[in-house]
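K.L.:
Pasting the sequence and the predicted model now:
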Amino acid sequence: MNLESEKESCVFVGDSPNDAPMFELFPHSIGGANISTFIDRLDVSARITTTKMANKNITHPG
């Protein structure tokens, strides 16, 4: 995959300050609601931020 030519068709989702470079790279980015607690530490924020925190029943692979 050529990231430069494909990034328009991708969405990046992040929830912490270390995701800021990806928010900048991808034109379509979503920040989880808890990213708002780090807003003062972000040089670049997500294009969209969710308004509700994640459900405790959500699990992450790995």
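P.N.:
That came through, no problem. Numbering: from 1, shown residues only.

K.L.:
Looks like residue 16 contacts residue 35 (just checking).
P.N.:
Yes: counting by Cβ atoms under 8 Å, residue 35 is a contact partner of residue 16 at 6.9 Å. Just so you know, the C-beta spots here come from the backbone N, C-alpha and C atoms, and that holds for glycine as well.

K.L.:
Of these two, which one has the most company?
P.N.:
More crowded of residue 16 and residue 35, by other Cβ atoms under 10 Å: residue 35, with 22 against 14.

K.L.:
Okay, that one and residue 2: tell me how far apart.
P.N.:
28 Å (Cβ to Cβ, to the nearest Å).

K.L.:
residue ranges for the strands of this structure, please.
P.N.:
12-14, 29-31, 48-49 (DSSP state E).

K.L.:
okay, and the helix or strand of this structure with the least pLDDT?
P.N.:
The helix or strand of the chain with the poorest confidence is helix 3-6; it has a mean of 87 (mean pLDDT, DSSP states H and E).

K.L.:
Please save the CA atoms from that one in PDB.
P.N.:
Extracted in PDB, the C-alpha atoms of helix 3-6 (Å, rounded to 0.1, in the frame of the first residue of the first chain):
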ATOM      1  CA  LEU A   3       0.300   5.500   2.200                       C
ATOM      2  CA  GLU A   4       0.600   8.900   0.400                       C
ATOM      3  CA  SER A   5      -1.900   7.900  -2.400                       C
ATOM      4  CA  GLU A   6      -4.200   5.800  -0.100                       C
END
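
K.L.:
Run the chain-centre distance for that helix.
P.N.:
18 Å (Cα atoms, centre = their mean, to the nearest Å).

K.L.:
Give me the nearest residue to residue 51, chain neighbours excluded.
P.N.:
Excluding its sequence neighbours, the residue lying closest to residue 51 (Cβ to Cβ, 6 or more residues apart in numbering) is residue 33, at 5.9 Å.

K.L.:
what about that neighbour, how many residues close to it?
P.N.:
Residues within reach of residue 33, counting by other Cβ under 10 Å, total 13.
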